[in-house]
Each structure stands twice: as structure tokens, then as C-alpha cells.
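K.L.:
output the structure for:
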Amino acid sequence: FDKNSFQQLFEARIASKKRASGKEKRQSSARHATKSTKVSLLDSQREVNVGILLSKFKISPEMVREAVETLDLGFLTQDVLAGLIKVLPTEEELKVLKAFKGSPSMLTDTSRFQMIVGTIPDVKTRLQHVLFMCQVPESFSTLRASLRLVNRAVRAVRSSKALKQVLHLVLSIGNQMNYGTSKGNASGFDIRLLLTLSSIKSTDRKSSLLDYIVTLLESRTESEEQQQQQQQ
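P.N.:
Numbering: from 1, shown residues only. Now for the predicted structure:
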């Protein structure tokens, strides 16, 4: 083909592409240079942890500072509070952050976040207090449910006729075992004694006092059921 006519027709387009390509390279280099100038004052693992928090909740240090100062509970949810407390700068990190003399704009997002949040007065204590305040209703509800459960259990124990029979039987057996001693005519016993019934062995060592009581109660129950059936 005729190279001269081709160049005349398309040399403007070729030159335009070359200029565009050169501009893209320069812009890419500029972006790379800008990115590479960002300074991190945290170790790599802390960078990751703080970065995850910022990405998860989409928050900025300015938002956190304003929310803490105005006690914005719409922003400071329990999840956000718990996350912030975990990534607050340590004493050592604060020393490094305060020693930095450059502009905050030179820092990575995570380091800038740590620097700004770390300057909030008593930030950890304040966040912990707000978190406690948010948790009070839930904690109170859980405690109230537990107290109701304990109350029902106490009523069930105090009103159980079967339990009274078991305790009376244990007391009678204990008095029989201690017959002739100062403990042989007891009117009651320490409830902790029930925990030792399985360790009191028979003469042949094949069974325990607990086994004996269970067998005796089972035989009584069978006898009572048979009597009820006969009456019917």
C-alpha cells in the first residue's frame, strides 16, 4: 500500500493515540507516586484490623469525634462501640502518632483515623461508659429472666412433697447410722451431706448409700402404685 497516503490520512490519529498513551502513563505514575507517599504509623496487622473496621462501618475519624462529643447513640451502636474500643490506639501507638510532625493528609486512612480519634479526651473511658449504658436494658432483661427462673425453682423445691419425703428418708437413715452417738437423734442435716451419699459404701463395697436410697424409693413407688390400682 501507499505509505505516504496512509500517513497523511491517519498520522493525526496515530499522534493522538501516542499523546493519550503518554498522558495515561503520566497520570498512572502520578497516582502511584501519590499513593506511595502515604505514611503508615501502625504495624501491618493493626493496619488490617483498623482498615476492616473502617470498611465495615464506613466511618471516618471526624464522624467518630462528633458522635462522641454529642453522644450520638444513633451512630454509636453497640457494634460500632465494641469495634472502636478494640482498635483504639495503645499508649505506644499514641507516642508514635504524637511524634509525627507531618500533615495528617500524608498518612494512610488508618493512621489518620488513629491519630484523630486518639486525640479525643478520655476516649476509651467515654466509649466504655456509652457501651455500658447501651447494654443496661439488655442486661437487666436477662437478669430479670434469670431471677424469675430462680424464683420458680425455689417455689418448686419448697412445695415438692416428693423432695420432702426423700430428705426425711435421708435424715432417718442418718440417725440410724449414728444411733448411740451424739448425732443419732438429729432433727435436721446440712444439705451438703447429699453430695456425700455416693461415697458412703456398703460393707461389701458393691453399692453406696445413694444406691440403697434409690432402690428403697423405687420399691415404695411401686408399692404405692399397686395400692392405687387395687383401690380403683
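
K.L.:
drop to CA atoms for contacts and neighbour counts, all remaining ones
P.N.:
OK.

K.L.:
which other residues reach stretch 110-117?
P.N.:
By C-alpha atoms under 8 Å, 6 or more residues apart in numbering, the surrounding residues in contact with stretch 110-117 are 39-42, 47, 50-51, 54, 60-62, 64-65, 88-89, 94, 97-98, 104-105, 123.

K.L.:
would you mind confirming that Leu210 is in contact with Leu197?
P.N.:
Yes. Assessed by C-alpha atoms under 8 Å, Leu210 is found in contact with Leu197 at 5.0 Å.

K.L.:
for Gly180, see how far away the spatially most central residue of the chain is.
P.N.:
Taking C-alpha atoms, centre = their mean, the centroid of the chain lies closest to Ala82, which sits 9.2 Å from it. Going from Ala82 to Gly180 by C-alpha to C-alpha, to the nearest Å gives 65 Å.

K.L.:
buried members of the contacts of stretch 110-117 into PyMOL, please.
P.N.:
Of these, the buried ones go into a single PyMOL selection, burial set by 16 or more other C-alpha atoms under 10 Å:
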select buried, resi 39+40+41+42+47+50+51+54+60+61+64+65+88+89+94+97+104+123
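
K.L.:
which of the contacts of stretch 110-117 fall in helices?
P.N.:
Here DSSP state H is the test, and the contacts of stretch 110-117 give Glu47, Val50, Gly51, Leu54, Pro61, Glu62, Val64, Arg65, Leu94, Leu97, Lys98, Val123 as lying in helices.

K.L.:
so how far is Ser105 from Thr125?
P.N.:
28 Å.

K.L.:
please apply the same query to Leu171.
P.N.:
Distance from Leu171 to Ser105, by C-alpha to C-alpha: 80 Å.

K.L.:
and for Glu218?
P.N.:
Using C-alpha to C-alpha, we find Glu218 at a distance of 81 Å from Ser105.

K.L.:
so where's the chain shaky on pLDDT?
P.N.:
1-36, 232 (pLDDT under 70).

K.L.:
could you rerun that using 80?
P.N.:
1-37, 222-232 (pLDDT under 80).

K.L.:
mind listing the helices for it?
P.N.:
For the chain, the helices defined by DSSP H occupy 3-36, 44-57, 61-70, 78-87, 91-99, 109-118, 123-159, 161-177, 209-231.

K.L.:
JSON lines for those helices, including distance to Leu193?
P.N.:
Below are the helices of the chain laid out as JSON lines (distance: least, C-alpha to C-alpha, whole Å):
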{"stretch": "helix 3-36", "distance to Leu193": "73"}
{"stretch": "helix 44-57", "distance to Leu193": "53"}
{"stretch": "helix 61-70", "distance to Leu193": "56"}
{"stretch": "helix 78-87", "distance to Leu193": "46"}
{"stretch": "helix 91-99", "distance to Leu193": "53"}
{"stretch": "helix 109-118", "distance to Leu193": "57"}
{"stretch": "helix 123-159", "distance to Leu193": "17"}
{"stretch": "helix 161-177", "distance to Leu193": "9"}
{"stretch": "helix 209-231", "distance to Leu193": "11"}
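
K.L.:
please consider this matter closed, and thank you.
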